[in-house]
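A.B. asks: Fold the following and give me the result.
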Amino acid sequence: MKIILVVGARPNFMKIAPIIREFKRINFKDFLLVHTEQHYDYEMSKVFFDELELPVPDYFLNTGSGTHAEQTAKVMVEFEKVCFAEKPDIVIVVGDVNSTLACSIVSKKLDIKLAHVEAGLRSNDMTMPEEVNRILTDAVSDFLFVSEESGLKNLKNEGKKDEQIFFVGNVMIDNLYYYINKMNTTKNESDTASLKEKYGVVTLHRPSNIDIKSTYQGIIEALIEISRDMPLVFPIHPRSRKNMESFGLLELVNSSNIKLQPPLSYIEFLELWKDANIVFTDSGGIQEETTALGVPCFTLRKNTERPITVDEGTNTLVGNTKETIIDAYSHFIMGKSKQGRIPELWDGKSAKRIVDVLLKQSLA
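C.D. replies: Have a look, this model is predicted:
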């Protein structure tokens with residue numbers, strides 16, 4: 001059995017890494033890694049590959065930026081060439097980026113078995129490109145690996161067969177625990193002796209938050225007000241910074257108690273947020289990771305495709321207006337933050353369950 005794993009953007013790297021570690025653990029060598037280079041070329045993303053112990057990809061598709069249609073089309077054309085050359089038995093895609101959908105379509109057209117890791121997640125917001133990618137990828141997948149209970153319900157409601165659906169837990173949490181354990185092993189005694197001051201962490205990148213001036217300004221004004229009570233650290237995405245500058249918001253931020261930083265590597269960012277008192281984000285993955293470590297999370301969106309982080313975890317949907325963000329923070333400082341618990345099967349063993357299913361397929 002030959003398997004191709006696809007990565008295309010930063011969140012994919014963290015989801016593929018545990019699967020590759022499991023392949024190595026059982027000495028399964030017949031796999032190839034394809035990097036579509038959707039968000040970064042290899043040189044720009046090499047820090048993530050090094051940190052996450054990922055091998056150098058076997059193929060680079062050199063997709064680059066462009067409209068959703070251009071990017072998806074480029075990936076399809078180049079990935080088809082890889083499939084013709086390698087003739088894989090199974091293609092594994094993760095998450096919900098354009099590369100996920102593009103490689104899924106190519107695989108199905110070539111009658112290659114397709115496995116989707118993180119299947120079944122739904123925001124029910126079709127204005128999100130990721131939601132379109134999720135629904136269409138699941139529609140053509142043969143193996144649907146589900147990270148939370150809502151995914152099971154969504155897939156069954158969409159008519160998927162029970163034998164296609166596998167509740168395996170969350171590979172993002174596999175990766176999180178792996179690196180938390182490594183940090184704990186290498187931690188100096190002096191690290192635990194020094195107590196950091198209270199602080200919050202901010203991440204923003206979604207177009208619905210940063211592409212409309214009035215929305216972005218409202219969020220920034222709320223964060224500036226909050227920073228008067230608690231300093232905030234904001235590792236800022238290049239596009240978020242560009243819009244901040246063009247909307248005339250950078251001077252406001254620079255004169256506040258919000259510290260802007262360049263984008264961080266996975267481990268650098270984990271070191272930052274794991275000890276934070278609160279995280280403000282519009283990222284899907286951070287909602288999950290904060291739930292796993294019990295860090296209060298305010299998601300600056302009206303919906304989430306990861307409802308278990310709200311129902312059972314430490315995540316709160318607070319919207320993206322100045323008023324709702326400040327109101328939620330007021331409740332937080334009054335001691336009304338959620339305690340939460342770790343969801344079922346978020347135990348660091350999800351990649352093993354995925355690989356076990358795929359190896360049984362090879363024996364069938």
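
A.B. asks: Report the contact partners of residue 348.
C.D. replies: With contact taken as CB atoms under 8 Å, 6 or more residues apart in numbering, residue 348 is in contact with 173-174, 177-178. In this view, the C-beta of every residue, glycine as well, is placed from N, C-alpha and C.

A.B. asks: Quick check: phi and psi at residue 311.
C.D. replies: Per-residue torsions, residue 311: phi -70, psi -40 (degrees, to the nearest 10).

A.B. asks: Tell me where the model's unsure across this protein.
C.D. replies: For the chain, the stretches with pLDDT under 70 are 40-44, 186-196, 362-364.

A.B. asks: Which members of the contacts of residue 348 occur in helices, if any?
C.D. replies: Cross-referencing the contacts of residue 348 against helices under DSSP state H gives 173-174, 177-178.

A.B. asks: Buried only: go through the residues you listed for me.
C.D. replies: Neighbour-count burial (16 or more other CB atoms under 10 Å) is assigned, among the ones in helices among the contacts of residue 348, to 173-174, 177-178.

A.B. asks: ok, the residues you listed vs residue 89, which is closest?
C.D. replies: residue 174 (23.7 Å; CB to CB).

A.B. asks: Counting neighbours, what do you get for the nearest residue to the closest one once chain neighbours are set aside?
C.D. replies: The shortest distance from residue 174 to any non-neighbouring residue, by CB to CB, 6 or more residues apart in numbering, is to residue 18 (3.8 Å). By the criterion of other CB atoms under 10 Å, residue 18 has 27 neighbours.

A.B. asks: give me the element residue 18 is part of.
C.D. replies: Per DSSP states H and E: residue 18 is located in helix 10-25.

A.B. asks: Next secondary structure element downstream of that helix?
C.D. replies: That would be, after helix 10-25 and using DSSP H and E, strand 31-35.

A.B. asks: Mind giving me the packing neighbours of that next one?
C.D. replies: Applying 3 or more CB pairs under 8 Å, 6 or more residues apart in numbering; DSSP states H and E, we find strand 31-35 packed against strand 3-7, helix 10-25, strand 59-60, helix 68-86.

A.B. asks: which stretch among these comes nearest residue 113?
C.D. replies: Closest among those, using CB to CB: strand 3-7, at 9.4 Å.
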